[in-house]
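Student: Predicted model, plus sequence, below.
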2 protein chains.
Amino acid sequence: MRLTSKGRYAVRAMLDLTVNSNGNPVRLQEISNRQNISLHYLEQLFRRLRNGQAVKSVRGPGGGYVLARSMDEITVKDILDCVGENINPAKDIIGSEAETANTPEFHISKDYFQNLGVIMKEYLQTTSLGDLIRKSREKDLGGRPDAPTDTPEPKPGYNMGTPI
Amino acid sequence: MRLTSKGRYAVRAMLDLTVNSNGNPVRLQEISNRQNISLHYLEQLFRRLRNGQAVKSVRGPGGGYVLARSMDEITVKDILDCVGENINPAKDIIGSEAETANTPEFHISKDYFQNLGVIMKEYLQTTSLGDLIRKSREKDLGGRPDAPTDTPEPKPGYNMGTPI
DNA sequence: TTATCACTCGACTAAAAGGGTCACGTCAAC
DNA sequence: GTTGACGTGACCCTTTTAGTCGAGTGATAA
């Protein structure tokens, strides 16, 4: 399982695109300037986002990229999938270790990490670009200026009490 | 953030050690045979587990490794930390991107991924070796033989409803 | 006192992944 | 037909992973 800057770059670029497009195509050059991400690297990422049907491209002058669906129909997980972020902590178990060790310990840890994957997937799948943008607007308006908000609080929907 | 076979190997080896030690040292050679993990690779992992105070070593004939604490005082997170698995999805943000892009989009995604890190950390930190072993014993005894149990169900303690 | 057992340590390797760059396309509009 | 922008494949360097190797050191027992 990996979650690297590639995925965060993609999410960031998609947020930028969402915010700065008003139905109009947004050029990668703009996103590159605003987000300080290499243009060539963005091209690579958006190639994958386009293949994954997350964005559509418009060529020629005045062209750029637009979301392929509404911002509420594109989840973070969609984006990570497009750029090839592998979220499942147990995925590479299949085929590499599965048959080489059929011990109880193997199954215990496999089940345990698979369940972590379920939790992560749920987290990423239930958040859309729209959710993120609305959340940040809320924060700007109703934020507590005395709190740094640097440390994220666990979401209220999650009960962290008894993971086993 | 990475969660690779290194971490799973370590957890598996620690489970093996826990189950097969009765206060006595367990040789890496045994673990290697049972779990089908390269002996030399195990040596590397246990070096780190020892440096991280998760196990103690006993040298000489009859030697091997024993847990440094009880199985209920060693969490999965402890083990992953020892072998160098980086669990925080937002960790490598600090210092590499932080100052180069101070955009709202950057902060949105940073907070979001940091919160995922909190959730993952909580999951890994609240599970001890003892928890895993007891859980697997329960399954063996009270298991439903008609259900394959291959697909892990989300833990009852987690409410997956509203992650944002 | 020496053989042996088992951990200890540093160095090394091949392969993969991550992050990024480049040159050269092609399509569309003015 | 030139310019703006995406499209594509190939390439690059660095770090990490997973694994190997060989020469130790410390403890036990014959």
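Tutor: Yes, it's here. Residues are numbered from 1 along each chain as shown, chains lettered A, B, ... in the order given.
Student: which residues in chain A form strands?
Tutor: Here chain A has its strands, by DSSP state E, at A:55-58, A:64-67.
Student: Export those strands as a markdown table, with columns for mean neighbour count.
Tutor: Yep, even glycine has a C-beta here, placed from its N, CA and C like the rest. Formatted as a markdown table, the strands of chain A follow (neighbours: other CB atoms under 10 Å in any protein chain shown):
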| stretch | mean neighbour count |
| --- | --- |
| strand A:55-58 | 18 |
| strand A:64-67 | 20 |
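Student: hang on, isn't A:Glu85 packed against A:Leu3?
Tutor: Yes. Using CB atoms under 8 Å, A:Glu85 and A:Leu3 qualify as a contacting pair, with a distance of 6.0 Å.
Student: So for those two, which sits in the more crowded spot?
Tutor: Under the neighbour definition other CB atoms under 10 Å in any protein chain shown, A:Glu85 and A:Leu3 were set side by side, and A:Leu3 has more, 26 against 21.
Student: Can you pull the phi and psi angles for the more buried one?
Tutor: For A:Leu3, the backbone dihedrals (degrees, to the nearest 10) come out as phi -140, psi 100.
Student: To what extent is the residue lying closest to A:Gln29 once chain neighbours are set aside buried, counted in neighbours?
Tutor: If you skip the residues right next to it in sequence, A:Gln29 has A:Leu39 as its closest partner in space, 6.1 Å away by CB to CB, 6 or more residues apart in numbering or on different chains. Number of residues near A:Leu39 (other CB under 10 Å) recorded here: 12.
Student: hmm, back to that, tell me which of the strands of chain A approaches DNA strand C most closely.
Tutor: DNA strand C lies closest to strand A:55-58 among the strands of chain A, at 7.6 Å (CB to the nearest atom of the strand).
Student: Can you list the strands that that closest one pairs with?
Tutor: Sheet partners assigned to strand A:55-58 using DSSP bridges are listed as strand A:64-67 (antiparallel).
Student: quick one, what contacts the residue nearest the centre of chain A?
Tutor: Nearest to the mean C-alpha position of chain A, counting by CA atoms, centre = their mean, stands A:Val76 at 3.4 Å. Contact criterion CB atoms under 8 Å, 6 or more residues apart in numbering or on different chains gives A:11, A:124-125, A:127-129, A:132, B:112 as the residues in contact with A:Val76.
Student: can you do 7 Å?
Tutor: A:11, A:124, A:127 (CB atoms under 7 Å, 6 or more residues apart in numbering or on different chains).
Student: okay, those residues in TSV with distance to B:Gly64, pLDDT and neighbour count next?
Tutor: Shown next, in TSV, are the contacts of A:Val76 (distance: CB to CB, whole Å; pLDDT from 0 to 100; neighbours: other CB atoms under 10 Å in any protein chain shown):
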residue	distance to B:Gly64	pLDDT	neighbour count
A:Val11	46	95	25
A:Leu124	42	95	24
A:Thr127	47	97	21
